[in-house]
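K.L.:
following is a predicted model, sequence given first.
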Amino acid sequence: MYYVSTRSKNHRLTASQAIAQGLAVDGGLLTPEVFPKLSHNGLKTLTDMSYQQRAVYVMNPYLEDFTASELSSFATKAYGPDKFDAREVAPVRTVDGNTHCLELWHGPTCAFKDMALQMLPHLLSASLVKNDEKKTACILVATSGDTGKAALEGFRDVDGTRILVFYPKDGVSAIQQLQMNTQEGENVGVCSVVGNFDDAQTGVKKLFSDEKLRAELAGRGYFFSSANSINWGRVLPQIVYYVSAYCDLVKTEKIQLGDPVNVCVPTGNFGNILAGYYAGQMGVPIRKFICASNSNNVLTDFLRTGVYDRNRRFYNTMSPSMDILISSNLERMLYELSGSSDGEVRGYMDQLAEKGRYEVGDAVKGKLSRYFAAGFCDDAQTQRVIARMWNEHKYLIDPHTAVAFDVLDQYRAETGDDTAAIVVSTASPFKFCDSVLGALGVTDLREGTDILGQLSELTGVSAPAPLAGLAGKEVRFTDNTTKDHMVDKVLEMLK
Ligand SMILES: N[C@@H](CCOP(=O)(O)O)C(=O)O
């Protein structure tokens, strides 16, 4: 299987080349030419497998230049009990008869990003060897809170790599910031950027396409790669958990094999819901992909109208990981829905860069409404949902997950579609203690990491060990820059 750019499909790369490179040289996203299919029997076989085995089974056909035994060893290391505090790795909790919550935050940094960023370093390191790459991979990351920490932890002290993370100053939660700024490891760097996530992400993309910088760094023995969901090696492991959740529902007899489900996904950069869409393409019977946004509802409007318009106010919300107006992975979806038309995608992306706006054609609009539904939820409603879930179900959820529960409710009320639904829970509530405590009526908040204990004492739920362990850790990174000076930070780090 080969990978092509969403903006020019003539140049084909192997899986290991695509993963090592991260982003296509023309600025497009590297995407598989075809999607392997999971048969009814394949899904049945997967039902009796562990998460690690499911990961190998699902990823194998996408990675032709890797062996199954390599993947098996990666999955064992990535999803072992030393990394994940749940035996199932990505457990599914049933909230009521036909609403199930896929918990993706049992990994080392307590967010769904661990599902991919515990795997990506293995894939990337092997890709470097397969391509006889002698240079060091400098992994550039833009984060609105979760990816940054997960990438730092995944790539910490991995041979042949350096990693530099940029996050928006004042645009992540206090715990997220502390997680990043206390990161250990010899090959890591963290820097805040004045502005919002879009500024950081646009800045990183500019670094990728800066020919002069690339040449300078090549001379120093480095090349750029990515740990954001623009890298195919990030999206692929995320497909696995959709397949796994479906199999778990079959195994526990919540549904019969072949029954349709809906999935409701809180998403900002569109990588998470895109992975679900790809699972559907492979054969998981997902009927509707419900896209949940916060007040930065650019995706809601797009999926409802076919008009993408980022010229709007940017909100800093209590679900900061979704505070995004330029949603990278939509490009891969446009490629799929336009029938792999690289020219059409290039046109949309040019308009986005020039005017901040584009409108898709009727054929794409038709497919969007067939597969997707969308809604959004503001902060006040997010807090009400957190409180309701706690009061009614004694289920403590984070603000991103609350957004998804609310959007699912809206969808069901509007459509009457009561198909069994999987709500994707993307982060531990302890990463957002202040908002969660506020939702539960607490106004007098403790300082620093003491707030973790405050939420624990109130609810009787223990803080995850990696977050509890932040107390007393040395802050290693305090650098700040502007989007126009990110290049200096890169040069400084890679001296
Ligand atoms: N929500 C993300 C933003 C970056 O998204 P990614 O999926 O492309 O890594 C974050 O938490 O940083």
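P.N.:
Okay, I see it. Numbers count the residues shown, from 1 in each chain.
K.L.:
what is the mean pLDDT for the host helix or strand of N391?
P.N.:
In this assignment (DSSP states H and E), N391 forms part of helix 379-393. Average pLDDT, helix 379-393: 98.
K.L.:
stretch 159-175 now?
P.N.:
The model assigns stretch 159-175 a mean pLDDT of 96.
K.L.:
how about M322: what's its closest non-neighbour residue?
P.N.:
G268 (3.6 Å; Cβ to Cβ, 6 or more residues apart in numbering). Using the backbone N, CA and C atoms, a C-beta is placed for each residue, glycine as well.
K.L.:
same check on N269?
P.N.:
Counting by Cβ to Cβ, 6+ apart, the nearest residue to N269 once its immediate chain neighbours are dropped is S328, at 5.0 Å.
K.L.:
what's the answer for D248, then?
P.N.:
Leaving aside its chain neighbours, D248 sits nearest to V92 (4.6 Å; criterion: Cβ to Cβ, 6+ apart).
K.L.:
tell me who's in contact with the one you found.
P.N.:
V92 sits next to H100, C101, L102, E103, A245, D248, L249, T252, I422 when contact means Cβ atoms under 8 Å, 6 or more residues apart in numbering.
K.L.:
do the same with F166
P.N.:
With the criterion set at Cβ under 8 Å, 6+ apart, F166 makes contact with 140-143, 148, 191-193, 200, 203-204, 481, 486, 489.
K.L.:
what subset of the residues you listed is also close to the ligand?
P.N.:
T143, G148 (Cβ under 6 Å from any ligand atom).
K.L.:
got a markdown table for the contacts of F166, with pLDDT and secondary structure too?
P.N.:
Formatted as a markdown table, those follow (pLDDT from 0 to 100; DSSP: H, G, I helix; E, B strand; the rest coil):
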| residue | pLDDT | secondary structure |
| --- | --- | --- |
| L140 | 96 | strand |
| V141 | 97 | strand |
| A142 | 96 | strand |
| T143 | 97 | coil |
| G148 | 98 | helix |
| C191 | 97 | strand |
| S192 | 98 | strand |
| V193 | 97 | strand |
| A200 | 96 | helix |
| G203 | 94 | helix |
| V204 | 94 | helix |
| T481 | 97 | strand |
| M486 | 97 | helix |
| K489 | 95 | helix |
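K.L.:
buried only: go through the contacts of F166 for me.
P.N.:
140-143, 148, 191-193, 200, 203-204, 481, 486, 489 (16 or more other Cβ atoms under 10 Å).
K.L.:
poorly predicted segments of the chain, please.
P.N.:
Scanning the chain for pLDDT under 70 picks out no residues.
K.L.:
select the longest helix from it.
P.N.:
For the chain, the helix with the greatest residue count under DSSP state H is helix 232-251.
K.L.:
buried stuff in that one?
P.N.:
232-250.
K.L.:
repeat for stretch 452-466
P.N.:
Within stretch 452-466, the residues scored as buried using 16+ other Cβ under 10 Å are L452, Q454, L455, S456, L458, V461, A463, P464, P466.
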